[in-house]
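In: how would this look folded up:
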Amino acid sequence: VLARDAEVRSILSGSLFVMSALSHIPSALAVVLDGCVIATGGAAYMPRIFALAVSACVMTLTLTAKAGLGLNGIWLGLHAFMFVRLIAHGVWSKTVWELLLGKQETEAK
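Out: Numbering: from 1, shown residues only. Below you'll find the predicted structure:
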């Protein structure tokens, strides 16, 4: 792996590895949706999304620090930040629904 130290290897082989591996999917989707929304000019709600996501991240980091989760708590904070962004895009973004469902179906509603 990246290190020869037994303690570092034990950290990397445990739940931290799984959490870091699982962060790629929501992170990629959040960044792609950000780009799609910005490119189509529908970014008026983006400050709300980021304020909500940062709030969720800070709250998660605070709770995990009190629980003594260490590095796993930081990964949980990152997951909270990304998942809140994904959910908020789904709730607030007309552009995302147009991309997913097609423009004709969203105009019919």
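
In: When you work out contacts or count neighbours from here on, use the C-alpha atoms and nothing else.
Out: Fine.

In: which residues are contacting stretch 70-77?
Out: 15-16, 19-20, 56-58, 60-61, 64-65 (CA atoms under 8 Å, 6 or more residues apart in numbering).

In: Could you list which of the residues you listed belong to helices?
Out: Of the contacts of stretch 70-77, the ones assigned to helices by DSSP state H are 15-16, 19-20, 56-58, 60-61, 64-65.

In: Based on its surroundings, how many neighbours for A80?
Out: Residues lying near A80 (other CA atoms under 10 Å) number 22.

In: what about it, which helix or strand?
Out: Using DSSP states H and E, the element containing A80 is helix 71-92.

In: how much space between H24 and V18?
Out: The gap separating H24 from V18 is 11 Å, by CA to CA, to the nearest Å.

In: I'd like to know which elements the one helix or strand I38 maps to is packed against.
Out: Using DSSP H and E, I38 sits in helix 24-39. Counting by 3 or more CA pairs under 8 Å, 6 or more residues apart in numbering; DSSP states H and E, the packing neighbours recorded for helix 24-39 are helix 71-92, helix 94-101.

In: quick one: contacts for S93?
Out: So S93 contacts 37, 42, 45 (CA under 8 Å, 6+ apart).

In: just the buried members of those?
Out: Buried members of those, counted by 16 or more other CA atoms under 10 Å: V37.

In: Hmm, which of the contacts of S93 is lowest in pLDDT?
Out: The pLDDT minimum for those sits at G42, where the score is 80.

In: If we ignore the residues flanking it in sequence, what's nearest that one?
Out: T95 (6.8 Å; CA to CA, 6 or more residues apart in numbering).
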